[in-house]
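S.K.: Quick one: sequence and predicted model below, then my questions.
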Amino acid sequence: MKGSRGRLLIFATPPMFLLSGCAALKLGVMNHAGPIAASQWHLYVIVGIVLAFVAGPVLLLTPLIAWHYRLSNKHSAFRPEWGFSWTLEGFIWIPPIGIVIGLSVVLWHYTHVLDPYRPIASNQPALQVQAVGLDWKWLFIYPDERIAAINQMVIPVGRPVHISLTSGTVMQALLIPQLAGQIYAMARMTTQLNLATSRAGVFRGENTQFNGTGFQNEKFNVIALPPAAYDRWVAQVRASAHPLDAAAFAALFGKSSPLKPIFFSPIPPRLFQHILVRSGDRR
Amino acid sequence: MTHGIWLAILGRLDWQELPFYRAWENPTASEIIGAGAGLIVVIGAGAVVLLITWHGKWRYLWSEWLTSLDHKKIGIMYIALALVMLSRALIEAVLMRMQQAAAIDKPGFLAPDHFSQLFSTHGSIMIFFMGMPFLVGLINFVMPLQIGSRDVAFPLLNSISLWLTGAAAALVMASLVIGKFSTGGWSGYPPYTELAFSPDVGPDYWIWAVSLGSIGSTLTGINFAVTIYKMRCPGMELMRMPLFVWTALCTSILMIFAMPPLTIATALLALDRYLGYHFFTNDLGGNMMNYANLFWLFGHPEVYILILPAFGVYSEVVSTFSSKELYGYTSLVLATAAIALLSFTVWVHHFFTMGQNADINAVFGIATMTIGVPTGVKIYDWIWTMFRGQVRFTVPMLYSLAFMMTFVLGGITGILLAFPPLDYLVHNTLFLVAHFHNMLIPGLLYGMLAGYHYWFPKAFGFRLNEKWGRISFGCWVVGFYLAFMPLYVLGAAGVARRTQGMFDPIFRPWLYVAGVGALILLAALGALFVQLLVSIRERDANRVFAGDPWDGRGLEWSTSAPPPEYNYAVIPRVRGRDPFFEGKRKDDPYAPPASYEDIELPKNSMTGPLIGAVGAATAFGLVWHMWWLVIIGVLAIIAAVIARSFARDVRRIIPADEIGRTERSWLRAVAEATPIPREIEMTSANQGMAEVSE
């Protein structure tokens, strides 16, 4: 049958993809670099395994039964008026309900544990970062260090990071796949995201919510440094003495995607709050 | 002075708005593609007009089709619209895939603004002007036949719904030639689509196209639900209805309750854009979160509006082509109803990432997983329907099998996405894009194509070419896997959806495979059209006038193919499920009645085309701020509705003589047709008469 060749292809393709996909996947959660993403990956594996058992029977039974009971097979039973069985009804209703109940418990637990608003337990105080989505760049404000950076977020390895987000323009979403899932940033509102790194490295961050013609360029690097190197970085930015003055502030709201990160020090006090209450709609 | 007059007449329309002008001024690949698309629309429309004029078919078209209130013809027109729109949206998809494959650390050939119009039109068309018209067309054609009715409850309303949908689709097509379409995606999220960020006409085209379409769909939902409640033939109890009718009923109920939130959302957005309101703006108390809730309060049930009728088709197809009673009818009905109900309880899963607390996300996540239960039950019911049957691998059956195995993969990724912590990582990425295509291509498109192949002989009186059907099927399946499996990987690697450029060469192999997949999908569509042409050419060899090419089970197979305009000379009386199948085996379903009686049918009406044309003009006026056109349009619609409500002479009688003649010529054909066994139903021996075994 021509159909069976098609089905063979269906079976063969996904594993093929998975084998050669590893290179690209290292940019994602599979190659997690912090406790949140690690926990999320763990959850992927758990749910994935359960679901393999859910999908398996359908993937096996559909072709097997269709083929065995094909019209040309004269050795298969034919019971055209058979259309109900309590046993089968039990099999198709009860196990799925059981699985969903089981998964619900897992879901409830992990949704609370991995709530992006939930602070990460640690003996160090969380580093406060305020992220502002702009057209088409991100501004990261370090209120305690009184510095800010466009399109680069530097964080110390091991220390929890608490990010407060807002938008200086339309809605955006901050995603750093190797560290933590995303949350929206909306003008005049604050959302929160907690994350941490477990190793030094450079991780890709991006806006995933379409926001105009520069959307595809809105990427940034998250650089995780050992604590001492992080302190050196902060000192370096402070020493550069490139203040976020009125002109620089106005430029933030222009439509642009800087090719290189820009660093500011010092910054006006309560910069994030200022952006938050600033009346919205601007071109 | 003259400037003022032009302003009053043309609103904000000027030369710059023509893609031809833009391509002339700035001949980049992107602009030339835009102008080419505009040209195709203009030439295509011109060619259609010329052809009709050349063949002198305007009168025929007007009186037999455009003004017809016959549910069968309206259904066919809906599906023709769906196929035209499918062609455009699929070509757009191919362009997007090509652009992404070409734009790895390079700009590619499509400018970002053009690219964003493409994904916005692709999504809007596939949902509102491909999916909806296809399923509404199929229900329109099949459902009244299946319940033994002569028409839907409100035939004129049916025509108006069709023409509103057509007007909306025409508006989307017009945006190719005049101005531009929205860049805000099919969901049109503010504040991006607000005046402050998108001052051009794009979002206005989107708003009015979607509004017209959503009003049409609401009216359709009411029409279908009333038809199913009130117009069933004697004996057709609810629990005897074919499963396709059950899914049509659930879809109609969803349409009635789910379309209004969309109409409201677009209306509020229009108030923001036109009258300076602040429902969803960034400033003065606006809040886009309200839009997100309203939109998905529509958007999630919409998914099931799209999928349920396909489930109905699969139930019919699997049962017919397994020569077997549907397994677990009651289970399937309960599962359908459960899905319809649950579809209203999960909308928040479209924005788990909006910052609500973990309790809320968890509740909606669990509700989402719960839908998996009735859906899984349905899949097993179809598997057990094949069990102990005699399965024939016809094209509709192949689609059903491909659906069952592909849909389950989409279901798996759906459950992954139902976990808020997992959704955080892949929301807004190509993983999500892969997931919903993995649901809607098997769950909507395959179902509609299965239905198209299954009922085509009933609608036109001849079978579709089997070979080209299989080629097309193969391409739809292989193309789907190649086009969308890579997107799961890319999404898991964090590639955002709607991205015009790619930032890492590591994605190249995946993008190439996806690109090839998209081209194969285009070939699938091509094969579908070739099949139609080949089948029309070979129609005389494949006629099934007797009306029952597949040993059908429902009432729709008990009439000639195509059915007479009155459907049933005598309203059938039903004693169980699968009435025609039982009838063939227990007594003679072709026995002529003692006598024929006059039948009253609605007269043709030009109200539908008129309201559609005026609706499109009004929407066009709104888009371009041509207020005179808006005022005239609104007044004309009100006048048309009032005038029509005074019309008394709206019914016509088909005399008993004529019915007798039609019926006798059909019964003669039935008597002359050779009954054939199932083994040769795909050959020209099939004249629409099934050999009854046992």
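M.R.: Good, I have the coordinates.
S.K.: got the contact list for the residue positioned nearest the centre of chain B?
M.R.: Centroid-nearest residue in chain B, with CA atoms, centre = their mean: residue B:131, separated by 2.4 Å. By CB atoms under 8 Å, 6 or more residues apart in numbering or on different chains, residue B:131 lies in contact with B:82, B:306, B:440, B:444, B:445, B:448. (Glycine included, C-beta is placed from N, CA and C.)
S.K.: 6 Å instead, please
M.R.: B:306, B:444 (CB atoms under 6 Å, 6 or more residues apart in numbering or on different chains).
S.K.: Next: residue B:528.
M.R.: residue B:472.
S.K.: Give me the helices and strands touching the host helix or strand of residue B:252, please.
M.R.: Following DSSP states H and E, one finds residue B:252 within helix B:243-275. If contacts are counted by 3 or more CB pairs under 6 Å, 6 or more residues apart in numbering or on different chains; DSSP states H and E, helix B:243-275 sits against helix B:132-146, helix B:202-230, helix B:288-320, helix B:329-342.
S.K.: Can you read off the pLDDT for residue 218?
M.R.: All of this refers to chain A. Note on residue A:218: pLDDT of 95.
S.K.: Can you look at chain B instead?
M.R.: We have a pLDDT of 96 for residue B:218.
S.K.: Report the separation between it and residue A:128.
M.R.: Separation of residue B:218 from residue A:128 (CB to CB, to the nearest Å): 49 Å.
S.K.: Those two: which is more packed in?
M.R.: The neighbour count for residue B:218 versus residue A:128, taken as other CB atoms under 10 Å in any protein chain shown, is higher for residue B:218 (20 against 15).
S.K.: The more buried one and residue B:261 touch, don't they?
M.R.: No: between residue B:218 and residue B:261 there is no contact under CB atoms under 6 Å: 10.7 Å.
S.K.: Can you pull the residues of the stretch 501-650 of chain B lying near chain A?
M.R.: Counting by CB under 6 Å from any CB of the partner chain, the stretch 501-650 of chain B comes close to chain A at B:501, B:503, B:506, B:507.
S.K.: For the nearest residue in space to residue A:142 that is not next to it in sequence, give me its contacts.
M.R.: Closest residue in space to residue A:142, ignoring its immediate chain neighbours: residue A:129 at 6.1 Å, by CB to CB, 6 or more residues apart in numbering or on different chains. Residues near residue A:129 by CB under 6 Å, 6+ apart: A:140, A:161, A:163.
S.K.: And these, which is closest to residue A:39?
M.R.: Compare each of the contacts of residue A:129 with residue A:39 using CB to CB and the shortest gap goes to residue A:161, at 15.6 Å.
S.K.: Mean neighbour count, the helices and strands packed on helix B:243-275: which tops it?
M.R.: helix B:132-146 (a mean of 28; mean count of other CB atoms under 10 Å in any protein chain shown).
S.K.: Check which residues of the next helix or strand after it are buried.
M.R.: Using DSSP H and E, the next helix or strand after helix B:132-146 towards the C-terminus is helix B:155-177. Within helix B:155-177, the residues scored as buried using 16 or more other CB atoms under 10 Å in any protein chain shown are B:155-177.
S.K.: Name the residues that touch helix B:155-177?
M.R.: For helix B:155-177, the external contacting residues (CB under 6 Å, 6+ apart) are B:37-38, B:41, B:69, B:74, B:85, B:129, B:133, B:152, B:181, B:205, B:209, B:212-213, B:215-216, B:219-220, B:223, B:602, B:605, B:608-609, B:611-612, B:615-616, B:619.
S.K.: Alpha carbons only: can I get it in CSV?
M.R.: This file holds the C-alpha atoms of helix B:155-177, laid out as CSV (Å, rounded to 0.1, in the frame of the first residue of the first chain):
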residue,chain,number,x,y,z
PRO,B,155,-31.8,30.5,4.6
LEU,B,156,-31.5,34.2,4.0
LEU,B,157,-29.4,34.7,7.1
ASN,B,158,-27.2,31.9,5.7
SER,B,159,-26.6,33.8,2.5
ILE,B,160,-25.9,37.0,4.5
SER,B,161,-23.3,35.2,6.6
LEU,B,162,-21.7,33.9,3.5
TRP,B,163,-21.5,37.3,2.0
LEU,B,164,-20.2,39.0,5.2
THR,B,165,-17.4,36.4,5.3
GLY,B,166,-16.8,37.0,1.6
ALA,B,167,-16.7,40.8,2.2
ALA,B,168,-14.2,40.3,5.0
ALA,B,169,-12.0,38.1,2.8
ALA,B,170,-12.2,40.6,0.0
LEU,B,171,-11.0,43.3,2.4
VAL,B,172,-8.0,41.2,3.2
MET,B,173,-7.3,40.8,-0.5
ALA,B,174,-7.8,44.5,-1.1
SER,B,175,-5.0,45.2,1.4
LEU,B,176,-2.6,43.6,-1.1
VAL,B,177,-3.5,46.2,-3.7
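S.K.: All set, thanks.
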